[in-house]
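Engineer: predicted model follows, preceded by the sequence.
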Amino acid sequence: MGRLHIASWLLASSLCVSAPAQEGDPTVPQETPDVRMPAGDAARGIPMPTGTFDQEVYRARRQRVMEQLDGDVAVVFGATSIGTHGAQDADFYYLTGLAQETGAALVLAPSEPVHKEFLFLRGIDPEQNRWNGERAILGRGIELGTGFARVYRMSRLGGVLALTGVHAEEFVFLGPIVGYDKPIPKALQVSKDASARLPGVSVRMDHRLLRRMRQLHDEAELDLMGQAIACTAAGLEAAMCNVRAGMSEFELKQVIERGFRDAGSRRNAFDSIVASGPNGAVLHYPDDGRLMQAGELVLCDVGAEIEHYASDVTRTFPVSGRFTPRQREVYEVVLRAQQAAIDATRAGVRLREDIHQAARHVIEQAGFTDDFFHGTSHFVGLEVHDAGLADEPLPAGTVITIEPGIYLADEALGIRIEDEVLITEDGCVVLTEAIPRSIDAIERLMARCNSHVSAPTGVSP
């Protein structure tokens, strides 16, 4: 599919790029004759941004947050654990680029006279170093690697919050928002505890700040998302070319994910869903053991990831290479519903009121009112269900899915079609357009790959 190159003017009004740090700037760590930017083996144990974006990208994002904090203080925590299949807290990663550092925290304090951002890392355990790899001691090397001029251990977080809180009126809780039956988010609890020790200092909520920033994607982010989509396309097309009656859902899942890896993705954006026959009517089907049968459909809801940017695409296609008349009938309804939602998508519309209702209207008019029982769209970015403001008009630069479906459990039939679209001022761009989704396109691809497969009963060749 290739990389996506979106016109740079698309987000010109919303982007803010900091000027490069000047030599001698005390807020940015500087190289010295004896300590240079860590590289190669010298960087072992030093947390650093990796991949496409350099430190200036993350520093510019932090600066944009601080400009909106109005002199107050905010703390953002990294993930407690990551492991093999886990991921860094998306807000923390968005602001630091530190993908693997666990138990860390970021403090933003724009009212401080010199150093306005502070990074806190968990302590060193020499025994754990022998099990999990070396972690470096604090010093200029870590400052250069992380891009922070002030890096401390977590044991100093309380003291720094007290000192920065003196110069502020409020601690700002940036999210996440959770229900009353969930644990209080760590950032909220820490902010409350810190403010309780500073008379006159309170806590306010601004959960929209980071969500609004992360919802808008610049050209560099869109390029990474385009690469993830290209990997997803490779996996789905491999699935359409290799599916066979008698193959297990797990085997087809392996084909898809091998396609991701061969195309350059190192990990999935989420656990793949491969649901055949009656399992296609289960929205988040969790298993993969069923053997696929001739004449039925298989629903594949999958997504590759590139540098933590996700993709999310669903294709439903016939195991035998041709749709039956009933499958074709229902599939065409879902496809028309999706196209109606795509046609309704442009800057200024709302996710639920406009896009979802456009899809739902088509499905209801076709007589499947109660067979479409989920939302039509969600945001995509650093997470497959990414941060965004669903209750506000959508701005240009937002990437969402459009994924209507019809689920007929009594017919062992489930169909969902999901694509990613980039919202523009006068419409949208279907980023996943190259992945076959019409009946004719799917059948043509499968026929080229599987010319020896005969049509299921009731379908004329």
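Structural biologist: Here it is on my side, so go on.
Engineer: now Pro351. Nearest residue, chain neighbours left out?
Structural biologist: Not Pro; residue 351 is Leu. Ala390 (4.6 Å; Cβ to Cβ, 6 or more residues apart in numbering). Placement of C-beta: from N, CA and C, glycine included.
Engineer: and the one you found, how many residues sit next to it?
Structural biologist: 16 (other Cβ atoms under 10 Å).
Engineer: what's the answer for Ser81, then?
Structural biologist: For Ser81, using other Cβ under 10 Å, the count is 7.
Engineer: who touches the residue nearest to Leu351 in this structure?
Structural biologist: With contact taken as Cβ atoms under 8 Å, 6 or more residues apart in numbering, Ala390 is in contact with 350-352, 379.
Engineer: lowest-confidence one in these?
Structural biologist: Note: of those, the lowest pLDDT belongs to Arg352, at 93.
Engineer: phi, psi for that residue please.
Structural biologist: Note on Arg352: backbone dihedrals following degrees, to the nearest 10 are phi -90, psi -40.
Engineer: and for the one 3 residues further on?
Structural biologist: Dihedral angles of Ile355 (phi, psi; degrees, to the nearest 10) stand at phi -70, psi -50.
Engineer: could you check how far the nearest residue to it once chain neighbours are set aside is from Gln357?
Structural biologist: Setting aside the residues directly before and after it, Ile355 is nearest to Ala341 in space (Cβ to Cβ, 6+ apart), at 5.0 Å. Distance, Ala341 to Gln357, by Cβ to Cβ, to the nearest Å: 9 Å.
Engineer: on that earlier part again, just send the contacts of Ala390 back as a markdown table, with distance to Met66 too.
Structural biologist: Converted to a markdown table, the contacts of Ala390 look like this (distance: Cβ to Cβ, whole Å):
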| residue | distance to Met66 |
| --- | --- |
| Arg350 | 30 |
| Leu351 | 29 |
| Arg352 | 32 |
| Phe379 | 24 |
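Engineer: which among these gets closest to Arg208?
Structural biologist: Distance to Arg208 across the contacts of Ala390 (Cβ to Cβ) is lowest for Phe379, with 13.4 Å.
Engineer: please name the nearest non-neighbouring residue to the closest one.
Structural biologist: In space, Phe379 comes closest to Gly388 once its chain neighbours are excluded; the distance is 3.5 Å by Cβ to Cβ, 6+ apart.
Engineer: give the contact list for the one you found.
Structural biologist: Gly388 neighbours (Cβ under 8 Å, 6+ apart): 211, 214-215, 378-379, 381, 398, 400.
Engineer: quick one: which of the residues you listed is nearest Ala263?
Structural biologist: Nearest to Ala263 out of the contacts of Gly388 is Gly381 (Cβ to Cβ; 20.2 Å).
Engineer: run a quick neighbour tally on that closest one.
Structural biologist: Neighbours around Gly381, by other Cβ under 10 Å: 25.
Engineer: check it and give its pLDDT.
Structural biologist: For Gly381, the predicted pLDDT is 98.
Engineer: so if I had to pick from Ala341 and Gln357, which one is more boxed in?
Structural biologist: Counted by other Cβ under 10 Å, Ala341 and Gln357 do not tie: Ala341 has more neighbours, with 27 against 15.
Engineer: and the host helix or strand of Tyr93, what other elements does it pack with?
Structural biologist: Here Tyr93 sits within helix 90-96, counting by DSSP states H and E. With contacts taken as 3 or more Cβ pairs under 8 Å, 6 or more residues apart in numbering; DSSP states H and E, helix 90-96 sits against helix 55-69, strand 73-77, strand 105-108, helix 208-215.
Engineer: now render these as a markdown table, adding mean pLDDT.
Structural biologist: As requested, the helices and strands packed on helix 90-96 are exported to a markdown table (pLDDT from 0 to 100):
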| stretch | mean pLDDT |
| --- | --- |
| helix 55-69 | 97 |
| strand 73-77 | 97 |
| strand 105-108 | 98 |
| helix 208-215 | 97 |
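Engineer: most tightly packed of those?
Structural biologist: Most buried of the helices and strands packed on helix 90-96, by mean neighbour count (mean count of other Cβ atoms under 10 Å): strand 73-77, with a mean of 24.
Engineer: output the contacting helices and strands for that one.
Structural biologist: Packing partners of strand 73-77 (3+ Cβ pairs under 8 Å, 6+ apart): helix 90-96, strand 105-108, helix 157-166, strand 170-173, helix 186-195.
Engineer: which one of those lies nearest to Ala409?
Structural biologist: That would be, of the helices and strands packed on strand 73-77 and by Cβ to Cβ, helix 90-96, which comes in at 34.4 Å.
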